[in-house]
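> Can you look at this prediction? I've put the sequence above it.
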Amino acid sequence: MDYLTQFVIPFIGLKPGLHTFDWEIEDKFFEYFEYSEIKTGRISVHAELEKDERMLVFHFTLDGTVLLPCDRCYETLEQKIEGKEILIIKFGVGYYEENEELQIIPEGETHLDVSSFIYEYCNLHLPARRVHPDDENGVSFCNPETLKKLEMRPASTEPDPRWEKLNKLRKDQKA
């Protein structure tokens, strides 16, 4: 059985009203997404589906942690992921994405695979900058050896002579 089939919801057999789904996402989930930045982690996903005659409304709640490389020292960093997302599915003529929250699917559809939405939500809740936090004394948990290398300044502050020649060429062209 394919691992991602657990994320396929057969909504046609569900009665109108509220339905809940729970998943534990682990490393295996992220393996199915070829260019996934997340390789290791554990995230609990809770979904509440409000089924209507002409619409499906999903309320997703994500809570867990993933392991990523630190942007500063490239050592492994445990990153918390938590958040809520809404997905509205309406029925229409074909497949169409109205916006991030609203999707149109054909009238005859009977199932919905939410795995790609969950994957997207996990990535959306990652911070833009991922670095180890500082301790209570303001000292970073980053690799100290790497921090020392980053703090090193070049010995020479003289301008590179190649830039001077390029600037001279540019000035000559303007004249």
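Yep, that arrived. Numbers count the residues shown, from 1 in each chain.
> May I have the secondary structure class of the most centrally placed residue in the chain?
Against the mean C-alpha coordinate of the chain, by CA atoms, centre = their mean, the closest residue is residue 123 at 0.5 Å. Of the three states, residue 123 takes helix under DSSP: H, G, I helix; E, B strand; the rest coil.
> residues touching it, list them.
If a contact means CB atoms under 8 Å, 6 or more residues apart in numbering, then residue 123 has 37, 38 as its contacts. Backbone N, C-alpha and C define where each C-beta goes, glycine included.
> any idea how far it lies from residue 37?
7 Å (CB to CB, to the nearest Å).
> Show residues contacting stretch 125-144.
Defining contact as CB under 8 Å, 6+ apart, one finds that stretch 125-144 is touched by 37-38, 62, 66, 68-75, 77, 79, 81-83, 147.
> With only the CA atoms kept, save it in CSV.
Taking only C-alpha atoms (Å, rounded to 0.1, in the frame of the first residue of the first chain), the coordinates of stretch 125-144 have been written out as CSV:
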residue,chain,number,x,y,z
HIS,A,125,5.4,27.5,8.6
LEU,A,126,9.2,27.4,8.5
PRO,A,127,10.8,30.7,9.4
ALA,A,128,12.7,32.6,6.7
ARG,A,129,15.9,32.6,8.8
ARG,A,130,16.7,29.5,10.7
VAL,A,131,19.5,29.9,13.2
HIS,A,132,20.2,28.4,16.6
PRO,A,133,18.8,30.5,19.5
ASP,A,134,20.9,32.2,22.1
ASP,A,135,21.1,31.0,25.7
GLU,A,136,20.1,33.2,28.6
ASN,A,137,23.5,34.9,28.5
GLY,A,138,23.2,35.8,24.8
VAL,A,139,25.6,33.1,23.6
SER,A,140,24.6,31.3,20.5
PHE,A,141,24.1,27.6,20.4
CYS,A,142,25.7,27.6,17.0
ASN,A,143,29.0,25.6,16.5
PRO,A,144,31.6,27.8,18.2
